[in-house]
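*Asks:* give me coordinates for this.
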Amino acid sequence: MPNAPADSSADAPHAPQRQRRKAARPQELLEAALSQFVTKGLAATRMDDVARLAGVSKGTLYLYYASKEELFKAVVRDALGLVIAEGSEIVDRWEDSTADLLNQLAHTWWTRIGASKASGIFKLVVAEVGNIPELAKFYVEEVIVPSHVLLGRAVQRGIDRQEFRQMDVTAVVHALAATAQFLALYEHCVGNCPDNPFPLEPETFMQTQIQLLLHGLQMPPGTPSKGTP
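*Replies:* You can find the predicted model right below:
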């Protein structure tokens, strides 16, 4: 008697699971790559190591990302670009004071980037990306320019609403960005020193810097509005 055909319905329940697993794979690859980049550095990271950490073959990794440079770009877009886009949406819909807006943007940056492995990307940029012109250009276009535009919009909003006095917007943006850059480097350098007698609490430091900056930006009480005699 011929063997009965295999019951394909037995595998049916596993199909949705496989589909979900495949859909999650790009994010798993990016998370593995971020971990390797931050831990080992850009130059020392091998595609084999990323694939192994993600639990896939190197061939599978190359199906998604043709080179280590393309993988790094994807990591930056996922870890930083999405947060910048989210910040832009916050500015678009914000209705309260601009001081509160800057505090909200800082909180978003800290919770999504500063307190995560993504903060290590800035260390990579300082240490290695500057030696790779293509990636340096990419980082400027994908991170520096849009983040400066985002913060510039927030600062200009405060000036237009006469919450802030007239100042060089670009200089103010650099002052704001410097706080985030310092924290990113601190976490991966001095922050790892166990015997530091003056440990830094990141969110307290960030809020202090913003308050200091706001005291320099905000209009003094009693300042007449434009057009007021």
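
*Asks:* quick one, helices of the protein?
*Replies:* Using DSSP state H, the helices found in the chain span residues 14-40, 47-54, 58-64, 68-76, 82-93, 98-109, 120-127, 133-139, 145-160, 169-188, 202-217.

*Asks:* to residue 196, which of the ones you listed lies closest?
*Replies:* helix 169-188 (10.2 Å; CB to CB). Any C-beta I mention is one placed from the backbone N, CA and C, and that applies to glycine too.

*Asks:* by contact count, what packs against the closest one?
*Replies:* Contact analysis of helix 169-188 by 3 or more CB pairs under 8 Å, 6 or more residues apart in numbering; DSSP states H and E lists helix 98-109, helix 120-127, helix 145-160, helix 202-217 as its packing neighbours.

*Asks:* okay if I get these as CSV plus mean neighbour count, distance to residue 50 and mean pLDDT?
*Replies:* Below are these laid out as CSV (neighbours: other CB atoms under 10 Å; distance: least, CB to CB, whole Å; pLDDT from 0 to 100):
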stretch, mean neighbour count, distance to residue 50, mean pLDDT
helix 98-109, 19, 26, 94
helix 120-127, 19, 15, 90
helix 145-160, 18, 26, 97
helix 202-217, 15, 28, 86
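
*Asks:* could these go into CSV alongside distance to residue 43?
*Replies:* Output for the helices and strands packed on helix 169-188, formatted as CSV (distance: least, CB to CB, whole Å):
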stretch, distance to residue 43
helix 98-109, 27
helix 120-127, 9
helix 145-160, 25
helix 202-217, 28
